[in-house]
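Colleague: coords please:
(one chain, ligands or ions: 1)
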Amino acid sequence: MNSRPLLAFPILLVDDEEEILFSTSLIFRTAGFSRVLTCNDSRQVPEILAKEEVALIILDLYMPHVSGYELLKELAGTHPQIPVIVMTAANDIEMAVDCIKAGAFDYFVKPVERSRLLTGAHRALELHQLRSQVSSLSEHLLTDRLQHEEEFAAIITRSPRMRAVFHYLEAVAVTDQPLLINGETGVGKELVANTFHRLSGRPGPFVAVNAAGLDDLMFSDTLFGHTKGAYTGADTPREGLIAKAADGTLFLDELGDLQPSSQLKLLRLLQEQEYYPLGSDSPRRTNARIVVATNRDLKAMIGDGSFRKDLFYRLTTHQVTIPPLRERRDDLPLLLDHFLDEAAAAYKKAKPTPPPELCAYLASYDFPGNLRELRAMIFDAMARHGKGVLSMTSFRAAIGSGRTAAECEPLAFLGALAAETAPAGRMPTLKEAEELLVAHALRLANGNQGIAASYLGISRQALNKRLCRSPQPE
Ligand SMILES: Nc1ncnc2c1ncn2[C@@H]1O[C@H](COP(=O)(O)OP(=O)(O)OP(=O)(O)O)[C@@H](O)[C@H]1O
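Modeller: This is a model prediction of the structure:
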């Protein structure tokens with residue numbers, strides 16, 4: 001059974017005999033390769049390659065006009081990245097050696113056994129994928145230029161860490177391997193998955209499914225579909241989402257919530273590209289690319305036995321981690337502007353000017369709900385907005401209630417002062433405590449006095465006077 005993924009780019013069969021083209025094409029199609037091109041005139045090959053990005057060529061040797069050997073030598077110069085498998089009726093060792101020297105990936109004598117042909121093709125395709133990744137990664141490393149900058153337009157960022165993620169996504173998008181996207185809730189995993197799908201150039205759709213709360217039956221039914229009468233209530237047959245994602249991408253969110261039995265089904269799908277609709281004994285094949293996402297620590301889940309180790313390793317060939325918003329606070333001004341645009345359009349209001357202290361105020365907060373939380377805050381503020389400058393009120397209300405107990409708890413930082421004063425047999429003075437409270441508020445506000453004043457419940461001028469009066473402790 002084959003455990004390797006299939007490729008989105010087509011295979012090209014070149015042979016002057018129509019019958020061979022038909023039977024070879026059938027072998028590939030029934031093995032799940034949805035895109036197989038055929039050509040019975042070797043002179044047309046350069047034209048086909050100019051129009052289509054081909055992943056593999058199966059080439060007959062003895063053809064009229066341009067022989068397979070001549071074409072092979074030409075391709076080694078013009079398209080060195082495409083592996084070529086020579087398939088010929090002549091069992092001629094010398095010719096086989098010449099072909100390999102000229103750049104052929106393999107040499108088969110007709111008739112070729114189905115499994116040998118498929119194994120050879122899969123090996124050649126892996127080589128093609130590796131070559132693409134290596135050339136893509138080395139270009140990225142050397143230039144920092146993205147080939148498809150426009151595909152990333154929806155992901156607003158200027159973070160170097162996000163930029164590194166973009167480079168990686170571009171480099172691995174051409175392969176058929178699954179992708180695992182790690183990241184806290186609301187960091188933009190689905191947005192990244194969608195971008196990745198577009199980068200892959202797959203002609204099929206992007207189909208998203210959330211695994212949270214799906215028991216094994218619902219998971220199988222949603223993904224694999226069912227036959228008529230598969231269970232009580234299954235009155236008509238239904239296609240699963242994996243069938244809808246043909247030639248495209250299936251995005252499975254909240255992977256960490258999958259039940260053990262569903263994990264096993266996903267593993268089989270990844271290994272064999274096969275699945276069984278509920279109630280059916282015959283397997284179906286899929287060529288959908290699988291992208292999964294999780295906000296859970298899968299390694300810890302393997303440790304406590306709730307996640308399969310073999311599935312984890314199958315999924316981690318390609319993986320990225322999207323950093324939380326608190327680790328890329330420099331993105332806040334861009335995101336504020338972007339979400340204000342979105343909210344203004346959604347509420348059909350003019351885009352307001354944000355108050356000058358808003359960005360610094362947002363930067364003082366950790367955003368456990370990440371970009372989704374920020375977006376919701378901005379939408380809420382816009383819903384309440386009338387005219388003029390956007391009000392700080394709804395941000396203060398949302399962030400005030402979202403701060404962690406440790407941030408708000410005055411005793412936590414007064415502890416250090418108590419440790420100094422208690423051994424001396426006295427309690428801290430009001431002035432000492434006040435100075436510490438002011439310093440703590442300033443730290444939380446990243447030094448912004450307007451924000452620190454709002455934490456302390458005094459005006460900016462009052463805080464400023466206090467700061468001018470007394471030097472602040474470290
Ligand atoms: N860099 C970004 N630029 C613009 N919008 C973003 C960005 N990242 C996320 N968003 C927006 O934030 C919201 C949350 O993003 P998304 O649903 O992709 O997060 P997620 O990580 O998949 O969340 P969950 O873990 O809950 O599934 C969406 O509205 C998305 O469009």
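
Colleague: can you list contacts of the strand or helix carrying D98?
Modeller: Assigned by DSSP states H and E, D98 belongs to helix 93-101. Helix 93-101 has contacts (C-beta atoms under 8 Å, 6 or more residues apart in numbering) with L61, Y69, L72, V86, T88, Y107. Just so you know, the C-beta spots here come from the backbone N, C-alpha and C atoms, and that holds for glycine as well.

Colleague: Tell me the most packed of the residues you listed, by neighbour count.
Modeller: V86 (25 neighbours; other C-beta atoms under 10 Å).

Colleague: Listing partners with orientation, what would you give for the helix or strand containing that residue?
Modeller: Using DSSP H and E, V86 maps to strand 84-88. Strand pairing for strand 84-88, determined by DSSP bridges: strand 56-60 (parallel), strand 106-109 (parallel).

Colleague: so of those strands, which one's packed in deepest?
Modeller: Among the strands paired with strand 84-88, strand 56-60 has the highest mean neighbour count (mean count of other C-beta atoms under 10 Å), at a mean of 26.

Colleague: Can you give the distance from the following helix or strand past that strand to the centre of its chain?
Modeller: Sequence order places helix 68-78 as the next helix or strand after strand 56-60, per DSSP H and E. Between the centre of helix 68-78 and the centre of its chain there are 37 Å (C-alpha atoms, centre = their mean, to the nearest Å).

Colleague: what angle do helix 68-78 and strand 56-60 make?
Modeller: 150 degrees (axes from the mean of the first three to the mean of the last three C-alpha atoms, to 10 degrees).

Colleague: Contacts for helix 68-78 next, please.
Modeller: 14, 42, 45-46, 49, 57, 59-62, 82, 84, 86, 88, 95, 98-99, 102-104.

Colleague: Show the model's pLDDT score for the residue lying closest to C39 once chain neighbours are set aside.
Modeller: The shortest distance from C39 to any non-neighbouring residue, by C-beta to C-beta, 6 or more residues apart in numbering, is to V14 (4.9 Å). Model confidence at V14, expressed as pLDDT, equals 94.

Colleague: bridging residues for V14?
Modeller: For V14, the beta-bridge partners under DSSP bridges are C39, L59.

Colleague: Tell me, how many residues neighbour the nearest residue to L56 once chain neighbours are set aside?
Modeller: In space, and not counting its chain neighbours, L56 is closest to I11: 4.8 Å by C-beta to C-beta, 6+ apart. Neighbour count of I11, defined by other C-beta under 10 Å: 24.

Colleague: Now do I11 against E113, distance only.
Modeller: 18 Å (C-beta to C-beta, to the nearest Å).

Colleague: Hmm, L61 and S42 touching each other?
Modeller: No. With contacts counted by C-beta atoms under 8 Å, S42 stays clear of L61, the gap being 10.3 Å.

Colleague: can you list residues touching both of these two?
Modeller: S67, G68.

Colleague: hang on, the earlier thing: how much space between the residue nearest to L56 and M95?
Modeller: Counting by C-beta to C-beta - I11 and M95 are separated by 23 Å.

Colleague: same deal with R131?
Modeller: For R131, the distance to M95 - C-beta to C-beta - is 25 Å.

Colleague: Going through the contacts of helix 68-78, which ones are buried?
Modeller: Among the contacts of helix 68-78, the ones that count as buried by 16 or more other C-beta atoms under 10 Å are 14, 42, 45, 49, 57, 59-61, 82, 84, 86, 88, 95, 98-99, 102-104.

Colleague: Tabulate the contacts of helix 93-101 (CSV), appending pLDDT.
Modeller: Compiled in CSV, those are given as follows (pLDDT from 0 to 100):
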residue, pLDDT
L61, 87
Y69, 89
L72, 90
V86, 90
T88, 85
Y107, 89
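
Colleague: Identify the residue nearest G229 in space, chain neighbours excluded?
Modeller: If the residues on either side of it in the chain are set aside, G229 comes closest to G279, at 6.6 Å by C-beta to C-beta, 6+ apart.

Colleague: so what's that neighbour up against?
Modeller: By C-beta under 8 Å, 6+ apart, the contact list for G279 reads H226, T227, K228, G229, A230, Y231, A234.

Colleague: one more time with 10 Å
Modeller: G225, H226, T227, K228, G229, A230, Y231, A234, P237 (C-beta atoms under 10 Å, 6 or more residues apart in numbering).

Colleague: go on, Y347?
Modeller: Counting by C-beta under 10 Å, 6+ apart, Y347 touches F379, M382, A383, H385.

Colleague: Let me know the average pLDDT across the strand or helix carrying the second one.
Modeller: The reference is to M382. M382 belongs to helix 370-384 when assigned by DSSP H and E. Over the span of helix 370-384, the pLDDT mean works out to 95.

Colleague: quick one: buried residues of it?
Modeller: Across helix 370-384, burial judged by 16+ other C-beta under 10 Å covers N370, L371, E373, L374, R375, M377, I378, F379, A381, M382.
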